[in-house]
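K.L.:
Take this sequence and fold it.
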Amino acid sequence: MPNRDMIVVGASAGGVEALTQLVQGLPVDFPAAIFVVLHFPPFSVSALPQILSRVGKLPALHPGDRTIIKPGQVYIAPPNYHLLIQPGHIRLSQGPREHGLRPAIDTTFRSAARAYNSQVIGVILTGALDDGTAGLLTIKSQGGLTIVQDPDEAMFDGMPRSALKYVAVDHIVKLSDLAACLSQLIDEPIKEDSPVSEPLDQEAAIVAQDKAERERGEHPGDPSPLTCPDCGGVLWELQEGNLVRFRCHVGHAYSIESMASEQASEVEKALWSANRALEEKAALARRMAVQARQHHRNLSEAKFLARAEEAEQHAALLRQIILQQDKVPPQLDAEASDSA
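P.N.:
Predicted coordinates:
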């Protein structure tokens, strides 16, 4: 009988410290492959493989496309690439972002569940917002095991609490006990193994399949009045148990929480753009006032100065509104806070 030898781990803010503690506790003869997704800024350079290889007994690396999966290896999603797990090998994809992220935890978890079903153990560690919840739900539905770091000890408890809210998690574990828990679970044989799904060469294949189903009227999702923050396309609302998600035709995907975060970012961007336009309007009006003064057009000068003052007042009011919003602590993912 097969064992649960495919372990997928998702982390975000505070993840470097959590992953370091996890790999330190794994033995050198650990017989499972470990796949790690940590949120990186898109064009960053990651030192996480060197960090984990140095503190742990297992080799850690950023895999290449079509890398063969071997037990006892730690595979880390590279910055700006989704890590997709297929039977026997890994694919790297620059497909649509999920929750505004690439790599996204949901993408890796979902691909693992489709490829290895009940052989998968999904683990959610510290992080803000809720990436990984939908993927963990898929792992659970395919017969895999689900583990969540105890949110009371997580540096950022958003991701663990979201997973616990929507998924009937098998184990809630303190970080200090996680390595021992995994070692015990992989030794337990799987009583009934589900048939392995057909491999999907790209995450885009999932999106294309969903789109075709929608066009045939077979997709359970409903059109949403919301538009995709990434591409402006129509979003479809998908219901998975109590979890609501959104996906556009291109494949960008969001939860309610990540959608709200992206919308807040778009609103702030629009407000700053409006502030810039008002300040430029004031600057141009003052330049026109100077030109009018040089030609002794006093009425025109006064008109342009009044226009400049009005634009500056509107810009100051708008800036005050923006800064007042910033005083409310946003639930950001802080993905750039980890230098690795």
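K.L.:
Just the buried residues of stretch 88-100, please?
P.N.:
90-93, 95-100 (16 or more other Cβ atoms under 10 Å). Every C-beta, even on glycine, is put in place using the N, C-alpha and C of the backbone.
K.L.:
didn't residue 71 look like it was pressed against residue 34?
P.N.:
No - applying Cβ atoms under 8 Å as the test, residue 71 and residue 34 come out as separate, 9.3 Å apart.
K.L.:
Name the residue in these two with the higher neighbour count.
P.N.:
residue 34 (26 against 15; other Cβ atoms under 10 Å).
K.L.:
Please give me every residue in contact with the more buried one.
P.N.:
Residue 34 sits next to 7-9, 26, 58, 73-75 when contact means Cβ atoms under 8 Å, 6 or more residues apart in numbering.
K.L.:
Show me which parts of the lengthiest helix in the chain are buried, residue by residue.
P.N.:
When the chain is parsed with DSSP state H, its longest helix is helix 256-294. Residues 257-259, 261-262, 275, 278-279, 281-282, 285-286, 288-289, 292 are the ones in helix 256-294 that count as buried (16+ other Cβ under 10 Å).
K.L.:
so which strand or helix has residue 57?
P.N.:
Assigned by DSSP states H and E, residue 57 belongs to neither a helix nor a strand.
K.L.:
if you skip the residues just before and after it, what's nearest to it?
P.N.:
residue 28 (4.1 Å; Cβ to Cβ, 6 or more residues apart in numbering).
K.L.:
And that neighbour, what's its pLDDT?
P.N.:
Looking at residue 28, its pLDDT is 97.
K.L.:
wait, doesn't it sit right on residue 58?
P.N.:
Yes - here residue 28 reaches residue 58: they are 7.1 Å apart, a contact under Cβ under 8 Å.
K.L.:
who's more crowded, those two?
P.N.:
Between residue 28 and residue 58, counted using other Cβ under 10 Å, residue 58 has the larger neighbour count: 19 against 8.
K.L.:
what about that one, distance to residue 40?
P.N.:
Going from residue 58 to residue 40 by Cβ to Cβ, to the nearest Å gives 20 Å.
K.L.:
what's residue 159 in contact with, if anything?
P.N.:
10-12, 124-133.
K.L.:
Turn those residues into CSV, columns for neighbour count.
P.N.:
Formatted as CSV, the contacts of residue 159 follow (neighbours: other Cβ atoms under 10 Å):
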residue, neighbour count
10, 30
11, 29
12, 29
124, 32
125, 29
126, 25
127, 31
128, 24
129, 26
130, 29
131, 32
132, 32
133, 29
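K.L.:
Closest to residue 147 out of those?
P.N.:
residue 124 (7.4 Å; Cβ to Cβ).
K.L.:
now that closest one: how far from residue 37?
P.N.:
10 Å.
K.L.:
Same question for residue 95.
P.N.:
14 Å.
K.L.:
With residue 293 instead?
P.N.:
62 Å.
K.L.:
Please apply the same query to residue 120.
P.N.:
On the measure of Cβ to Cβ, residue 120 and residue 37 end up 14 Å apart.
K.L.:
Quick check: neighbours shared by these two?
P.N.:
Joint contacts of residue 120 and residue 37 (Cβ under 8 Å, 6+ apart) are residue 8.
K.L.:
confidence score at the nearest residue to residue 243 once chain neighbours are set aside?
P.N.:
Leaving aside its sequence neighbours, residue 243 sits nearest to residue 166 (Cβ to Cβ, 6+ apart; 4.6 Å). As predicted, residue 166 sits at a pLDDT of 95.
K.L.:
What of the one 3 residues further on?
P.N.:
Taken from the predicted model, the pLDDT recorded for residue 169 is 98.
K.L.:
now it: how far from residue 124?
P.N.:
8 Å.
K.L.:
Give the residues shared as contacts by the two.
P.N.:
Taking Cβ under 8 Å, 6+ apart as the criterion, residue 169 and residue 124 both touch 136, 146-148, 163.
K.L.:
Just give me the closest of the residues you listed to residue 187.
P.N.:
Nearest member of the shared contacts of residue 169 and residue 124 to residue 187, counting by Cβ to Cβ, is residue 147, at 15.2 Å.
K.L.:
Beta-bridge partners for that closest one, please?
P.N.:
residue 123, residue 171 (DSSP bridges).
K.L.:
check contacts around it.
P.N.:
By Cβ under 8 Å, 6+ apart, the contact set of residue 147 is 121-124, 169-173, 178, 181-182.
K.L.:
let's see 10 Å
P.N.:
Residue 147 makes contact with 7, 9, 121-125, 136, 163, 169-173, 178, 181-182, 185, according to Cβ atoms under 10 Å, 6 or more residues apart in numbering.
K.L.:
One more: residue 3?
P.N.:
Residue 3 sits in contact with 31-32, 71, 119, 185-190, where contact means Cβ under 10 Å, 6+ apart.
K.L.:
what's downstream of the helix or strand bottoming out on mean pLDDT in the chain, the next helix or strand?
P.N.:
Every helix and strand in the chain was compared by mean pLDDT, DSSP states H and E; the lowest is helix 203-215, with a mean of 54. Using DSSP H and E, the next helix or strand after helix 203-215 towards the C-terminus is strand 222-227.
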